[in-house]
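Peer 1: Any chance you could fold what I've pasted below:
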Amino acid sequence: MPRRKITFDIVRQIGLAFPGVEESTAYGSPALKVKGKLLACIPSHRSIEPGSLVVCVDFNDRAELLTGAPDTYYVTDHYVPNESILIRLSKVDPDALRDLLGMAYKFVSRKAAKRSQTHRHRRSP
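Peer 2: This next block holds a predicted model:
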């Protein structure tokens, strides 16, 4: 049975199932965000391979993913300093993508919560 091709429409469908995830854009490309913070998007940098997705994850999770499935996950020099990973959509299966977006959702939600707490404390007298 042929595997269903993963597109950004499938990424969108999975991502929008998480509370507070919204469709948006990043650098003119389709994106998903949580409270204004990037969750995932179609990368626009010239260093990426066509058919890729960038997803925000912490550096430890990125290292594990790169080690565990280097054919699926990669990073270019442009993305090395960022808490993110690139995914070859042709290599990822829907369950792994769902798990990855869940990991990214938790990561981005924690960062968004910390940011809002910091802003509240700065405004307090």
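Peer 1: May I ask which helix or strand of this protein has the lowest mean pLDDT?
Peer 2: Of all the helices and strands that make up the chain, helix 94-123 has the lowest average by mean pLDDT, DSSP states H and E, namely a mean of 80.
Peer 1: by contact count, what packs against the helix or strand encompassing Asp61?
Peer 2: Per DSSP states H and E: Asp61 is located in helix 59-68. Here helix 59-68 touches strand 73-74, strand 84-88, helix 94-123, going by 3 or more C-beta pairs under 8 Å, 6 or more residues apart in numbering; DSSP states H and E. Where you see a C-beta, it was placed from the backbone N, CA and C, and this is true even at glycine.
Peer 1: looking at those, which is buried most?
Peer 2: Mean neighbour count, computed with mean count of other C-beta atoms under 10 Å, is highest for strand 84-88 among the helices and strands packed on helix 59-68, reaching a mean of 22.
Peer 1: How far off centre is that one?
Peer 2: The chain centre lies 8 Å from the centre of strand 84-88; the measure is C-alpha atoms, centre = their mean, to the nearest Å.
Peer 1: Which strands or helices does that strand pack on?
Peer 2: Strand 84-88 packs on strand 52-56, helix 59-68, strand 73-74, going by 3+ C-beta pairs under 8 Å, 6+ apart.
Peer 1: Can you tell me the strand partners of that strand and which way each runs?
Peer 2: strand 52-56 (antiparallel), strand 73-74 (antiparallel) (DSSP bridges).
Peer 1: could I get these as JSON lines with mean pLDDT and distance to Phe18?
Peer 2: As requested, the strands paired with strand 84-88 are exported to JSON lines (pLDDT from 0 to 100; distance: least, C-beta to C-beta, whole Å):
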{"stretch": "strand 52-56", "mean pLDDT": "97", "distance to Phe18": "13"}
{"stretch": "strand 73-74", "mean pLDDT": "97", "distance to Phe18": "20"}
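Peer 1: Next, format these as a markdown table and append distance to Lys37.
Peer 2: Below are the strands paired with strand 84-88 laid out as a markdown table (distance: least, C-beta to C-beta, whole Å):
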| stretch | distance to Lys37 |
| --- | --- |
| strand 52-56 | 8 |
| strand 73-74 | 21 |
